[in-house]
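Curious how this folds, go ahead:
(chains A, B, C and D)
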Number of protein chains: 2
Amino acid sequence: MNQLDQAFAALADPTRRGIVVHLARGEASVSDLVGLFHLTQPTISSHLKVLEAAGLISRRRVAQLRPCKLETERLKAVTDWLEQVQEIWEGNYKRLDALLAELKQTQKEERKK
Amino acid sequence: MNQLDQAFAALADPTRRGIVVHLARGEASVSDLVGLFHLTQPTISSHLKVLEAAGLISRRRVAQLRPCKLETERLKAVTDWLEQVQEIWEGNYKRLDALLAELKQTQKEERKK
DNA sequence: CGTCTATATAGATAGTTGTCAATATACAAA
DNA sequence: TTTGTATATTGACAACTATCTATATAGACG
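Reported below is the predicted structural model:
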């Protein structure tokens, strides 16, 4: 699995997206996050493992706490891929628009005859 | 599974992302797409089913052909989610920046005394 | 030391996924 | 109607996922 695969797969779970949204507001410990969902601590820990493996979060050590932090560069890599697709698509439209403009011009010139 | 779940999950596979990139350039039939990957036709058909269920593509009927078209609105919904997260994160930084600016000001004023 | 708190790991289970070969369906064309 | 071409469906298999309970580890604090 490459990085984009892992990032998209990680974001395909609503619990993990919830974690991401929460971490966008700032660091949080595992137990903070457990408090947000009706899921057990091991389940949350496993979701965090997935997010970390995908490069979407990182973790520090503070005594027994393991504060989690959002890694926005990886999030940006995902957005970048989507925007590239959008650009190809729009390029397509640009080409189509140019084609239609050309057609219109041709029709106008034909009317002159 | 909700729409975002399905869209992210659909995009988590490299073959499906390849299909999306190809369709960004314009419509393509199933056999066009089969030609792009070293996978069997049923496998490509199953990927297309996933993309269609996720609302990322749509299909027409033209004789025996089933041209596939990218649905950019759904792609945009995914981008929107990512941008919202980014905005929360940046809002965070803005608040932090404001805090640091305030701190600097306080220190400056303390030096005057 | 023993105990409490925070987190990780292990093992089980039910459900989902990606892939294939084989077969079925839908339409076209001879 | 027979044949050919494009696509879908079926059934199988191995791999992976989300979740749980139970248990282990790591550090803080008495």
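
could you say what helices and strands the lowest-mean-pLDDT helix or strand in chain A packs with?
Scoring the helices and strands of chain A by mean pLDDT, DSSP states H and E places helix A:72-112 at the bottom, with a mean of 88. Applying 3 or more Cβ pairs under 8 Å, 6 or more residues apart in numbering or on different chains; DSSP states H and E, one finds that helix A:72-112 contacts helix A:3-11, helix B:14-24, helix B:72-112. C-beta: built from backbone N, CA, C; applies to glycine.

how about those helices in a markdown table, adding distance to B:Leu39?
Conversion of the helices and strands packed on helix A:72-112 to a markdown table gives the following (distance: least, Cβ to Cβ, whole Å):
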| stretch | distance to B:Leu39 |
| --- | --- |
| helix A:3-11 | 16 |
| helix B:14-24 | 7 |
| helix B:72-112 | 23 |
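
Please name the residues that touch A:Phe8.
Residues near A:Phe8 by Cβ atoms under 8 Å, 6 or more residues apart in numbering or on different chains: A:Val78, B:Phe8, B:Ala9, B:Leu11, B:Ala12.

quick check, A:Leu48 in a helix?
Yes. Assessed by DSSP: H, G, I helix; E, B strand; the rest coil, A:Leu48 belongs to a helix.

show me what contacts it?
Residues counted as contacts of A:Leu48 (Cβ under 8 Å, 6+ apart) are A:Ile19, A:Val30, A:Leu33, A:Ile57, A:Arg59, A:Cys68.

Okay, buried residues for stretch A:70-88 please.
For stretch A:70-88, the neighbour count (16 or more other Cβ atoms under 10 Å in any protein chain shown) marks A:Leu70, A:Glu71, A:Thr72, A:Arg74, A:Leu75, A:Val78, A:Thr79, A:Trp81, A:Leu82, A:Val85, A:Gln86, A:Ile88 as buried.

same deal with stretch A:88-102?
Neighbour-count burial for stretch A:88-102 flags A:Ile88, A:Trp89 (criterion: 16+ other Cβ under 10 Å).

now stretch A:48-56
For stretch A:48-56, by 16+ other Cβ under 10 Å, it's A:Leu48, A:Val50, A:Leu51, A:Ala54, A:Gly55, A:Leu56.

Just put these in CSV and tack on pLDDT and distance to A:Gln41.
Output for the buried residues of stretch A:48-56, formatted as CSV (pLDDT from 0 to 100; distance: Cβ to Cβ, whole Å):
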residue, pLDDT, distance to A:Gln41
A:Leu48, 98, 10
A:Val50, 98, 15
A:Leu51, 98, 15
A:Ala54, 98, 20
A:Gly55, 98, 23
A:Leu56, 98, 20
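
and which of these is nearest DNA strand D?
Of all the buried residues of stretch A:48-56, DNA strand D sits closest to A:Val50, with 5.5 Å by Cβ to the nearest atom of the strand.
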